[in-house]
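Engineer: Okay, sequence plus prediction incoming.
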Amino acid sequence: MAAKSKISRIRNIGIVAHIDAGKTTVTERILYYTGKSYKMGEVHDGEAVMDWMPQEQERGITITSAVTTCNWKNYEIHIIDTPGHVDFTIEVERSLRVLDGTVVVFCAVGCVEPQSETVWHQADKYGVPKIAFINKMDRVGADFFGAVKMMRERFASIPLPVQIPAGSEDNFRGAIDLINQKLLTWDDTSQGMDYIVSEIPPEFAEQAKVKREELIETLADMDDALAEKYLGGEEITADEIVEALRKVTLSLKAVPVLCGTALRNKGIQPVLDAVINYLPSPEDVPPIRGINPITKKEEIRHSSDKEPLAALAFKIVMDEGRKLTYLRIYSGQINTGDEIYNAAKQKKEKVARLLRMHANKRERIEKASAGELIAVLGLKETTTGDTLCDEEHPIMLEQIEFYEPVINQAIEAKTPADQEKLTTSLAKLIQEDPTLRVKYDDETAQTIISGMGELHLEIIVDRLKREFNAHVNVGKPRVVHRETISRHVEAEGIFERELGDKKHFGHVRLSLTPRKRGSGNIVINELEPSIIPVEYHEIIAEGIEEALMSGVLSSYPVIDVEVKIIGGSYKEEATLQGYKIAAATAFRDGCNNADPVMLEPVMLVDIITPIEFMGDVIGDINSRKGEIQAINPKGNVSEVKAKVPLKAMFGYSTDLRSATQGRAVFSMIFAEYDKA
């Protein structure tokens, strides 16, 4: 057999799962067994290599996806360890966008948890093949076959156990390899580095035989070549099973399932073997598609060094003040010192340094080729989702979709010195995190940050203090109201006064009429020049426009009013100032007499929930004075659309999660202002 090409020996994989299923522990074991790290870091001690941020170590959770590279049996494996918490879904989304395969970790006790459903569907969206690892087999309540059954019910791909556990809970001894019909047990004295392959004990022999038969039968249903041999009663070899498994995994029809307990160092090496055997190399995935920005035609790039460069920036990190851009190279090569073209910004960028990352440690390299995940220093203009390519052969790859933020919080700097730091730090954080939005609110003189959830914003504030030394006061965000009028009135304003040694005069009559909600303000001039000379008309309209900015109830802007200038009078001592003040006075008096009302922002809320929680979700919306607009069933989930006042939506993400075991998701956008 010919020697394998370098690119066929690369695997780009992600480790994804629900929060607390053990992703980071699995990654730590992989790094130890592949010789990448010399001691195993534990999440509960705050010493995991991949969870290097202080916020991650304290909370024992992963916040940012970390990238690392290791070698196993002469294969180069690039790994991204992703967060499990729903507030950091963007980290999983952008990682899956650039990966070729993924290991989905499930907890043997919790089985298929809500966030593992979300990440599974995200992987399906990008067509990423998966293998599943059922972790924590030593825990009380561990149920391997229960987890497999739940996967079969919840997901479109068929789970295929290639191992079954030998015992469970305290009696978990190891894994039975169904393909080679052997028992694998791990040696505690070597921290699981060595494992023993032995014959299957008699008490598991019958079960192993039945499960192997089931595996071959299911594969035969999906693979014609295997079906022929199976129906002909021929013996099917281990190699043939592996080959058939690879085919069905790459075509997303099935998912090989393995088991173990990462914390007890059992079951990790077979996962690495499965990554090599069943997950695709960059050559196995379909060529990447993009649009040529000049011809606007679709083009493809094969995963090869010979093709023109096409790379996607999937993550930006500010590292000690310098901007690190993470790239997935789909085709071509990048060398240190190269000039590459950013097709999205239409600018050339200079590659100052190429780095291979190991969590937050780095190793300098001179060149990187197709199929690799690397970091680059020196790209000034590039942001998440930009395509970097060869200027002679430009291409735009599909952008990464970002989620709209659903929660706001007001922050302000503690001191003037902090204010300057706050502005620059937020600018850096926005570059790193596309789901963070920042706006300065003139009406409340606060900076409003918006994000994916309360934990997301808590981490942002924590990072401002620690990394950027910008100290802030955090408040509850204020809802900004509006005002309007309820009935038609006419009003007049007369201004006659001596200011200094000059007399001022102005006299204006107005008619005010409420308009339809959301239709805006309109000022109509019906003045005859014979009543008030033309040169005063513009200043009268200006006086009204300024008065509209501040209502009579709480000084909020006034909306949805029609103002007609219908009359007034003129005297010798008339001045521009006089007419401006007269117009504003007439408007304010008119508003006071036209039954003014407060309006509050109402949001359009879109909730996707499993059917069994429908009643609770609708009841909760009603208790928030919401109004259900539509309910659309979509298989085993339903979409609920409702209009709800913004002030009732604070804390909603937490309430919705607790009401639906974290399985419902929602998004909201501004709909209109309505009566408070």
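Structural biologist: Received, thanks.
Engineer: now the helices for the stretch 201-350 of the chain?
Structural biologist: Here the stretch 201-350 of the chain has its helices, by DSSP state H, counting those that start in this stretch, at 202-222, 224-231, 238-250, 268-278.
Engineer: Highest mean neighbour count out of these?
Structural biologist: Here the criterion is mean neighbour count by mean count of other CB atoms under 10 Å, and of those the winner is helix 268-278, at a mean of 21. Any C-beta I mention is one placed from the backbone N, CA and C, and that applies to glycine too.
Engineer: Tell me which of the helices of the stretch 201-350 of the chain lies nearest to Ser304.
Structural biologist: helix 238-250 (18.6 Å; CB to CB).
Engineer: helices or strands up against the closest one?
Structural biologist: Here helix 238-250 touches helix 202-222, helix 224-231, strand 254-259, helix 268-278, going by 3 or more CB pairs under 8 Å, 6 or more residues apart in numbering; DSSP states H and E.
Engineer: do that again at 10 Å, thanks
Structural biologist: Other helices and strands packing on helix 238-250, by 3 or more CB pairs under 10 Å, 6 or more residues apart in numbering; DSSP states H and E, are strand 130-135, strand 158-161, helix 202-222, helix 224-231, strand 254-259, helix 268-278.
Engineer: picking that back up, which one of the helices of the stretch 201-350 of the chain has the lowest average pLDDT?
Structural biologist: Across those, helix 224-231 has the smallest mean pLDDT, namely a mean of 85.
Engineer: ok so, going back, go through the helices of the stretch 201-350 of the chain and name the closest to Thr336.
Structural biologist: Nearest to Thr336 among those is helix 268-278 (29.5 Å), distances taken as CB to CB.
Engineer: What distance do you get for Gly378 to Pro533?
Structural biologist: Note on Gly378: its distance to Pro533, by CB to CB, to the nearest Å, is 65 Å.
Engineer: okay, those two: which has more neighbours?
Structural biologist: Between Gly378 and Pro533, Gly378 has the larger neighbour count (other CB atoms under 10 Å), namely 18 against 11.
Engineer: Torsion angles phi and psi at that one?
Structural biologist: For Gly378, the backbone dihedrals are phi 110, psi -10 (criterion: degrees, to the nearest 10).
Engineer: Mind pulling up the pLDDT for it?
Structural biologist: We note a pLDDT of 81 for Gly378 in this prediction.
Engineer: rewinding a little: so which of the helices of the stretch 201-350 of the chain is nearest Arg11?
Structural biologist: Between the helices of the stretch 201-350 of the chain, helix 268-278 lies closest to Arg11; by CB to CB that is 5.5 Å.
Engineer: okay if I get the helices and strands packed on helix 238-250 as CSV plus distance to Ile176?
Structural biologist: Output for the helices and strands packed on helix 238-250, formatted as CSV (distance: least, CB to CB, whole Å):
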stretch, distance to Ile176
strand 130-135, 13
strand 158-161, 10
helix 202-222, 5
helix 224-231, 21
strand 254-259, 9
helix 268-278, 11
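Engineer: For Leu455, find the nearest of these.
Structural biologist: Closest among the helices and strands packed on helix 238-250, using CB to CB: strand 130-135, at 23.3 Å.
Engineer: Perfect, I'm done here.
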